[in-house]
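Visitor: Based on what follows, work out the 3D shape:
(3 chains)
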Amino acid sequence: MAILQVQDLVKHFPVHGGFLGRVISKVHAVNGVSFFIEAGEILGVVGESGCGKSTLGKSVIRLLKPTSGSILYQGQELSTLDHQAMMPYRKKMQIVFQDPYSSLNPRMTVHAAIAEGVRFHGVVPDTEIDDYVQRLIVKVGLQADAGNKFPHEFSGGQRQRIGIARALALKPDFIVADEPVSALDVSIQAQILNLLMELKEEFNLTILFISHDLKVIEHFCDRVLVMYLGYVVEELPCHRLHEAALHPYTRALLGANPVNDPDDRRPLAVLEGSVPSPFDLPPGCPFASRCSERRDECTIRMPPLLSRGKQHRIACYAIDPITR
Amino acid sequence: MWAYIFRRLVYNVPVYLGIILFVMAALRVNDPIWTYLGKHATQEQYDQFAKASGLDKPFLRQYFDFLSDVVRLDFTVESWDQPGIQVGKMIRAAIVPSLALTIPALGITSFLAICVGLISAYFRGRWMDQLLVFIAVLGMSVSFLVYIILGQYFGAFWLKQHLGMDLFAISGYPSGGLTMATWAYYCLLPILISVIVALGYDTRYYRAVMVEESNRDYITTARAKGASGPKILFVHMLKNAMIPIITRIMITLPFLITGSILLEMYFNIPGMGRRLILAINAKDFPVIQAFTAIFAALFIVTNILTDVLYAIFDPRVRLQ
Amino acid sequence: MIAKFFQSRGARRFRRNRIAMASLALILIYVAIALAIIVGDLLTLEDTMDRVGPANLPGSWGSQTTEKRFEDIDYYLRQVERALYRRQAGQIIPRRNPEEALKELRLGSLQAADHNPVATRKRVDEAVALFEELEEYEDLDAEPEVLPKLEELERLVAAFYRPAGAMGGFSRWLELSGGTDRQGRSIAIRAIYSIKVAIQVGLVTAFISILVGSLLGAAAGFYGGWIDHLVIWLYSTFSSIPNLVLLTLLAYMFTGSIFDGTLIPIYVAFCMTFWIGPCRVIRGETLKLRELEYVQAATAIGFGKFYILLRHILPNTAHLMFINFSLLFIGAIKSEVILSFLGLGVKKGPSWGIMISQSGQEVINGFFWQIGTATALMFGLVLAFNILTDALQDAFDPKHV
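Guide: I've put the predicted structure just below:
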């Protein structure tokens, strides 16, 4: 049973300006995204900066209110709930942020930051909170005395561990990881990813993992959504990425990674053309302006996301031409 | 660009309406007629006054009447303290003395402060800079009034008494027109005092701006290319520091009109500020009301001007 | 939470700045004096009104002309005479109870040395004789024999008095250290009492302004919407009236009302003028903080907006509140001086503003003691706060201007 089912999710941000400060245009961040995640799965979301993946992640856990669309969590529709009704779900769905330097309140000790939500939701009885927090601190790999220290006394990687501890403290089932390792050095990235994997196994978590780095996603996730300018253009299992990816954008992403073999002198696939503005999306497929396989119909209408079997969906007229 | 200007104009209208509302309400907290006539006035006198000045009408009516007067620049209402003299006439008479003080003060202060700021930033950290900052902080810790009193004593009185030099007037203002000579005699001393006081604050501001600029990469590049110290100072830094400098000058523009209240009071210069204080002491209601409305209007106009100039100089603002 | 603030990076940087810590210490001394006056009755309002001696005495290291010394002797002598004699229907007759009067004779910290009316009367006659002798001279500086006679007279008159109480000698020295003003009141005592006024005005004004300004600014920045528009309209309105005009207008509002004569008009005028600064600053900072990820994390946990404002946003603006508190304190002290000069400030009792504005007349006559003492004490406090503000900004807000 899918723990999370998202249908036609749309999120637009209005832009104010003009004579009286009224809305003059919109940022089309997420444009009708549909997918599901099974319990215990790790679903990756990959794309360039500005493709809407962060917005998607935040909308799914209701940090942002969707413009339209449905979000079903364990069968419950989340998109229309008010603040009070969302409360029980807040415990079940948590988020780990990208920037270790702004994701922690500089004036709160580590212990206080982790314990805050625990006390609020009554996750454990008040008398057991200190022990509980202490165990979490150790579990994420921090020193036992970390609790009384302030965020500025820790490195980036350690701060991410604190952020993870804070997210886990509420005993969630579902976690959105919004580029959790993008701001870290490569060697630290591996540590944090390993930590996340351990915790996922131990606590039976379901993770929505957002990143711009396809290699990380490949390594960490079960399936992946490829996003471009607010649309999902392809969806497939990670172990089949190299052999089965068909969408021109996915292929470009794969080809853009330098290969570790010094004898492999294949030229890197470089995309040409310019990225359309998210304010003024042209009709049709947003990738059309840079696509080598562009057809006429690509600039008229957005290709639908169609299934090709084996958990593989793709939205492309070049692959699935319009049949008359 | 025009959209921005238009927005600033439109935005300031409710602000001005608010100011007038507040001022009028504040002035009526204690019945202005009783305050003026005193406790021993009779009810008859009160009614007479009320009718003549329009204060017997409901507040909203008074509000709109006054607003329409201001908008039409109709200042024919007469002073209570000096009956027969219109407020408009008072204003016209008082503007020139005020400006004779404040415009030169602004000019001299800005010029000196920028120079001292440049010097300070150039010698940043060394003894010259520390000394200048130290003096500035000391200077800011003494009341303006003390500068005025001592300035008047030493600048006018002492020079005359002990050295026989009648350089500056102790107080007063030429009743005829102003000439260069009379201006220097009557106005230069208050201007100098004002400059000395403002110098402390402005210098620190400009120094900070210059220091900020001198940290920028393009200065390092210029030095690497072999540009000499003074050249960097004037050609590069000053040009880029112009934006915050001009902003600062613009921000102090409103004080051109009002900042000299103390100086005018002490040196008996019949400017706008002194007129207002005298009116307050005499409880001369129409004058107080009109002058405050004008001050506020001038303030707002200069604010809008500042916003516009800022938009011209800094393209980022326009794109908001 | 306060303890944690002092452990933060900025606080530690501040503590390392020795000049700043010295300034803080000086400020605390001033506050202690103020508290001692308010709570401990170190000085009372009456103390500041008492005549302690002749008018316009110079302070500790001042010198006087012979003319002036003569006038001073006249004053001291007359006080003693008044204890012995009184005027009735144009005639000078002896008092009925001179011993009583001598016992009660008070001139600041001085009291009568000898309560025996008979002995005193004899010495008074001696002194008066010498006095009238000296009065004959046209120009006291001309003849060389004047000076020793003057000194003799001074000795005689001084013998009438002695310091009262255990601390009498010190009290007397303190009273005269700054000289006396036109009405013979002790300048030093008045200047010290003014510390209480300054601290009171500064603390109350800064505290309320910061409180109101920060709350409004934070609410405006955080909630946005109509609250933001309202607050912006409010502070635009108030800031469009020049400070001094606003202050005088508000102070004028209170004349003739029941609050006239208290410090309430000053509090109201200052608070309504000064709340704008912190409001703007805190609003700007709140707008910045609102977008930070730890605020989003708190929302994800499920905290309500008000809690987030209180627990996550405001504590991170605390450093700005401190800096503005310091700035406002200075502003309040300086504005009090100006308002008092315009007749709208402190009405009852001394304040630095009143002392400085009264000294204007005296300066013309070369008498600098009142303006000097008041300015010196004010200078100490304001300079300390200026240094404090700079240090706070350097420690907590390095990008400041």
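
Visitor: ok, residue A:43 - contacts?
Guide: Counting by Cβ atoms under 8 Å, 6 or more residues apart in numbering or on different chains, residue A:43 touches A:35, A:37, A:207, A:208, A:209, A:221, A:222, A:223, A:224, A:225. Heads up, the C-betas are built off the backbone N, CA and C, glycines and all.

Visitor: Show residues contacting the helix or strand hosting the last one.
Guide: If you go by DSSP states H and E, residue A:225 is part of strand A:223-228. By Cβ under 8 Å, 6+ apart, the surrounding residues in contact with strand A:223-228 are A:33, A:35, A:41-48, A:51-53, A:56, A:217-218, A:232-238, A:241, A:247, A:249-250, A:253, A:286-287, A:311.

Visitor: Please report how far whatever residue of the stretch 51-200 of chain B ends up closest to chain A lies from residue B:297.
Guide: In the stretch 51-200 of chain B, the residue that lies nearest chain A is residue B:71 (22.5 Å; Cβ to the nearest Cβ). Residue B:71 sits at a distance of 10 Å from residue B:297 (criterion: Cβ to Cβ, to the nearest Å).

Visitor: how does chain B divide up, domain by domain?
Guide: B:2-71, B:87-283 (automatic domain parsing).

Visitor: ok, and which of those has the densest surroundings?
Guide: Ranked by average neighbour count under the criterion mean count of other Cβ atoms under 10 Å in any protein chain shown, these are headed by domain B:87-283 at a mean of 18.

Visitor: tally of neighbours for residue 277?
Guide: No chain was given, so I picked chain A. The number of residues packed near residue A:277 is 13, by other Cβ atoms under 10 Å in any protein chain shown.

Visitor: meant chain C, my bad for not saying
Guide: Using other Cβ under 10 Å: residue C:277 sits among 19 other residues.

Visitor: element containing it?
Guide: Using DSSP H and E, residue C:277 falls in helix C:276-290.

Visitor: what does the average pLDDT come to for that helix?
Guide: When pLDDT is averaged over helix C:276-290, the result is 91.

Visitor: list the buried ones in that helix?
Guide: Neighbour counts using 16 or more other Cβ atoms under 10 Å in any protein chain shown place C:276-283, C:285-287, C:289-290 of helix C:276-290 among the buried residues.

Visitor: any chance of those in JSON lines, with distance to residue C:120 too?
Guide: Shown next, in JSON lines, are the buried residues of helix C:276-290 (distance: Cβ to Cβ, whole Å):
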{"residue": "C:276", "distance to residue C:120": "64"}
{"residue": "C:277", "distance to residue C:120": "62"}
{"residue": "C:278", "distance to residue C:120": "63"}
{"residue": "C:279", "distance to residue C:120": "66"}
{"residue": "C:280", "distance to residue C:120": "68"}
{"residue": "C:281", "distance to residue C:120": "67"}
{"residue": "C:282", "distance to residue C:120": "68"}
{"residue": "C:283", "distance to residue C:120": "72"}
{"residue": "C:285", "distance to residue C:120": "72"}
{"residue": "C:286", "distance to residue C:120": "74"}
{"residue": "C:287", "distance to residue C:120": "78"}
{"residue": "C:289", "distance to residue C:120": "76"}
{"residue": "C:290", "distance to residue C:120": "80"}
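
Visitor: Keep the residues you listed, but drop any that are not near chain B.
Guide: Judged by Cβ under 8 Å from any Cβ of the partner chain, the overlap between those and the neighbourhood of chain B is nil.

Visitor: what's the nearest residue to residue B:165 if we skip its chain neighbours?
Guide: Closest residue to residue B:165 apart from its sequence neighbours, by Cβ to Cβ, 6 or more residues apart in numbering or on different chains: residue B:159 at 4.5 Å.

Visitor: export the helix or strand containing that neighbour as PDB, just CAs?
Guide: Using DSSP H and E, residue B:159 maps to helix B:159-163. Extracted as PDB, the C-alpha positions of helix B:159-163 are listed here (Å, rounded to 0.1, in the frame of the first residue of the first chain):
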ATOM      1  CA  LEU B 159      36.500  87.600  21.200                       C
ATOM      2  CA  LYS B 160      34.900  91.000  21.600                       C
ATOM      3  CA  GLN B 161      35.700  91.500  25.300                       C
ATOM      4  CA  HIS B 162      39.200  90.200  25.500                       C
ATOM      5  CA  LEU B 163      40.500  90.600  22.000                       C
END
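
Visitor: and the nearest residue to residue C:76 once chain neighbours are set aside, what pLDDT?
Guide: Leaving aside its sequence neighbours, residue C:76 sits nearest to residue C:157 (Cβ to Cβ, 6+ apart; 4.9 Å). Looking at residue C:157, its pLDDT stands at 83.

Visitor: Residue C:157: what's it in contact with?
Guide: Residue C:157 sits in contact with C:73, C:76, C:77, C:80, C:127, where contact means Cβ under 8 Å, 6+ apart.

Visitor: farthest pair in those residues?
Guide: Distance extremes for the contacts of residue C:157: the farthest pair is C:73 and C:80 at 11.1 Å, using Cβ to Cβ.

Visitor: What residue spans form the domains of chain C?
Guide: If you go by automatic domain parsing, chain C breaks into C:2-44+C:189-396, C:60-177.

Visitor: okay if I get the ones you listed as TSV plus distance to residue A:282?
Guide: Below are the domains of chain C laid out as TSV (distance: least, Cβ to Cβ, whole Å):
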stretch	distance to residue A:282
domain C:2-44+C:189-396	30
domain C:60-177	85
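
Visitor: which of these is buried the deepest?
Guide: Using mean count of other Cβ under 10 Å, domain C:2-44+C:189-396 ranks as the most buried of the domains of chain C, with a mean of 20.

Visitor: roughly how far is it from the heart of the chain?
Guide: 16 Å (Cα atoms, centre = their mean, to the nearest Å).

Visitor: burial measure for the closest residue to residue B:284 other than its chain neighbours, as a count.
Guide: Of all residues not flanking residue B:284 in the chain, residue B:81 sits nearest, at 4.0 Å (Cβ to Cβ, 6+ apart). Residue B:81 has 16 neighbours, counted by other Cβ under 10 Å.

Visitor: which parts of the stretch 1-150 of chain B sit against chain A?
Guide: Counting by Cβ under 8 Å from any Cβ, the stretch 1-150 of chain B sits next to chain A at B:3, B:6, B:7, B:10.

Visitor: Including secondary structure and pLDDT, could the residues you listed go into a markdown table?
Guide: Formatted as a markdown table, these follow (DSSP: H, G, I helix; E, B strand; the rest coil; pLDDT from 0 to 100):
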| residue | secondary structure | pLDDT |
| --- | --- | --- |
| B:3 | helix | 77 |
| B:6 | helix | 82 |
| B:7 | helix | 80 |
| B:10 | helix | 83 |
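
Visitor: Can you tell me the SS state at residue A:24?
Guide: strand (DSSP: H, G, I helix; E, B strand; the rest coil).

Visitor: cool, and the one 5 residues further on?
Guide: Under three-state DSSP, residue A:29 falls in the strand class.

Visitor: and residue A:173, how many neighbours?
Guide: 18.

Visitor: Would you check that it makes contact with residue A:3?
Guide: Yes: judged on Cβ atoms under 8 Å, residue A:173 makes contact with residue A:3 at a distance of 6.9 Å.

Visitor: hey, what's in contact with both of these two?
Guide: A:39, A:206.

Visitor: can you map out the strands along the chain?
Guide: Reading this off chain A. Secondary structure of chain A (DSSP state E): strands located at A:2-17, A:22-38, A:42-46, A:68-73, A:76-77, A:93-96, A:174-178, A:206-211, A:223-228, A:231-237, A:306-307, A:313-314.

Visitor: That was the other one, I meant chain C.
Guide: Under DSSP E, chain C gives strands at C:85-88, C:91-94, C:106-107, C:110-112, C:161-163.
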